[in-house]
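**Student:** Structure of the sequence below:
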Amino acid sequence: MPLRIKQDRIAPMTKRRNTSTVTAGTVKIGSKCPIVIQSMVKLATTDIAGCVKQINALAEAGAKLVRIAIPARPDSIAFAKIVQKVKVPLIADIHFSAERAIEAIEAGAAKIRLNPGNIKSKDDINRIIDCAKAHKIAIRIGINEASIRNLLHDTPYKQRTGLMIKEIAGYIRFFEKRGFNNIVLSVKSSDAARTIESNCAIAEKFDYPIHLGLTHAGLAEDAIVPASIALGTLLWQGIGDTIRISIAGAPVQEVEIAKKILAPLGLYKSNEPQLIVCPTCGRVQWDLIKFAGQVKKFLKGIKKPIRVAVMGCVVNGPGEAADADIAVCAAADKGFIYKKGKKISTVKQAKLFNALRKEIEDL
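**Tutor:** Next comes the predicted model:
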């Protein structure tokens, strides 16, 4: 009989805050929809072939939206060609220029990102809103802390959250007076605590979908912890409808990290196996780390949401095995294999990996 995967492992662990639903091309964003993972192209937009390749790789990895920078007129021209060559909806990243925003919308952007700190002319904003309404696209009002500070008269550290909320509230009122509400909000900082504080503040004030991100988080190995703390805390409180991990590295890594943050909270239905490994201590009498490495390498070829546990002794081994689809708990010269918490075999150490691999394959 085939093994049935426990469905409660992918049930959300927290109730999402109610938000409106925003449409960006074929993608719906809001509390009634799955959280949307997105990333950003990291090549010059004029490199059309390279951008298309990177966008397709991001879509394959699980990104549902991809953002691309439009700093100059040649980028708008290239963007129009890129839109025609990919299936995932594209977000045009706009700073300073209303012309670039309008060009991107007319070229087929599903959504544009505007930073209130960089476009202040009311006439320019009205032109962008009217064009977005005509083409039925979404707009993200995205504030970065760094871009709204007046460095000649800098706002004190403790007052910057208030500054961001004041800035985004004014922008929202302007959009609403123009009759536009296909809006996503974001307030970003490179500071994890302020990212949490500012997003909690806008979640209390507005019911628009929120895009989460810890901006300028660093190299991948340095970004994982602060991004996980900031975004994980917000997601646990039910805040967040779309997510991007901002790292200095390959964009596919951003998608992979996002999935790793969402999955333990029950907010992403992964087809990847989960490997639980004992941290080891003085009770371990075998090379558990080497064995776990073999198991991890083998699991890379598996596309099924199974839970596998590799435990070093009998202290926590049986308990972890009870929650795993397949588990091994080993001693000096032998190991015990469990299926769904039930011990099914005792195997000599030299044959343990092959025996475990066979049981996994049989699933």
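
**Student:** ranges for the strands of the stretch 101-250 of the chain?
**Tutor:** Here the stretch 101-250 of the chain has its strands, by DSSP state E, counting those that start in this stretch, at 111-114, 138-144, 183-188, 211-212, 242-243.

**Student:** and those strands as JSON lines, adding distance to L275, mean pLDDT and mean neighbour count?
**Tutor:** C-betas here are computed from N, CA, C, even on glycine. Formatted as JSON lines, the strands of the stretch 101-250 of the chain follow (distance: least, CB to CB, whole Å; pLDDT from 0 to 100; neighbours: other CB atoms under 10 Å):
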{"stretch": "strand 111-114", "distance to L275": "36", "mean pLDDT": "91", "mean neighbour count": "25"}
{"stretch": "strand 138-144", "distance to L275": "36", "mean pLDDT": "87", "mean neighbour count": "25"}
{"stretch": "strand 183-188", "distance to L275": "32", "mean pLDDT": "92", "mean neighbour count": "24"}
{"stretch": "strand 211-212", "distance to L275": "27", "mean pLDDT": "96", "mean neighbour count": "25"}
{"stretch": "strand 242-243", "distance to L275": "23", "mean pLDDT": "96", "mean neighbour count": "26"}
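
**Student:** what's the closest of these to V347?
**Tutor:** V347 lies closest, by CB to CB, to one member of the strands of the stretch 101-250 of the chain: strand 242-243, at 42.0 Å.

**Student:** just for the stretch 201-350 of the chain, where's the confidence low?
**Tutor:** Within the stretch 201-350 of the chain, the stretches with pLDDT under 70 are 217, 316-317.

**Student:** can you check the stretch 1-150 of the chain too?
**Tutor:** In the stretch 1-150 of the chain, residues with pLDDT under 70: 1-14, 117, 145-150.

**Student:** Please repeat the previous calculation with a cut-off of 80.
**Tutor:** Scanning the stretch 1-150 of the chain with the threshold set as pLDDT under 80 gives 1-14, 116-120, 144-150.

**Student:** which stretches of it form helices?
**Tutor:** In the stretch 1-150 of the chain, the segments counted as helices under DSSP state H, counting those that start in this stretch are 48-61, 73-85, 98-107, 122-135, 145-148.

**Student:** most packed of these?
**Tutor:** helix 98-107 (a mean of 21; mean count of other CB atoms under 10 Å).

**Student:** Give me the residue at the spatial middle of the protein.
**Tutor:** Taking CA atoms, centre = their mean, the centroid of the chain lies closest to A258, which sits 3.1 Å from it.

**Student:** what is V36 paired to in the beta sheet?
**Tutor:** Following DSSP bridges, V36 is listed with bridge partners T242.

**Student:** what number of residues lie near it?
**Tutor:** By the measure other CB atoms under 10 Å, the count of residues near V36 is 23.

**Student:** Distance check, it against K64.
**Tutor:** 5 Å (CB to CB, to the nearest Å).

**Student:** what's the answer for A258, then?
**Tutor:** For A258 relative to K64 (CB to CB), the value is 11 Å.

**Student:** Could you do L267 as well?
**Tutor:** Counting by CB to CB, the gap from L267 to K64 is 14 Å.

**Student:** Give me the helices and strands touching the helix or strand hosting S345, please.
**Tutor:** Taking DSSP states H and E as the definition, S345 sits inside strand 342-348. Packing partners of strand 342-348 (3 or more CB pairs under 8 Å, 6 or more residues apart in numbering; DSSP states H and E): strand 334-339, helix 352-362.

**Student:** try it again with 7 Å
**Tutor:** With contacts taken as 3 or more CB pairs under 7 Å, 6 or more residues apart in numbering; DSSP states H and E, strand 342-348 sits against strand 334-339.

**Student:** For V187, name its beta-bridge partners.
**Tutor:** Beta-bridge partners recorded for V187 (DSSP bridges): I143.

**Student:** contacting residues around it?
**Tutor:** I143, M164, I168, S198, N199, I202 (CB atoms under 7 Å, 6 or more residues apart in numbering).

**Student:** can you list those residues in JSON lines and add distance to V27?
**Tutor:** Listed next are the contacts of V187 as JSON lines, based on distance: CB to CB, whole Å:
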{"residue": "I143", "distance to V27": "22"}
{"residue": "M164", "distance to V27": "26"}
{"residue": "I168", "distance to V27": "22"}
{"residue": "S198", "distance to V27": "25"}
{"residue": "N199", "distance to V27": "21"}
{"residue": "I202", "distance to V27": "21"}
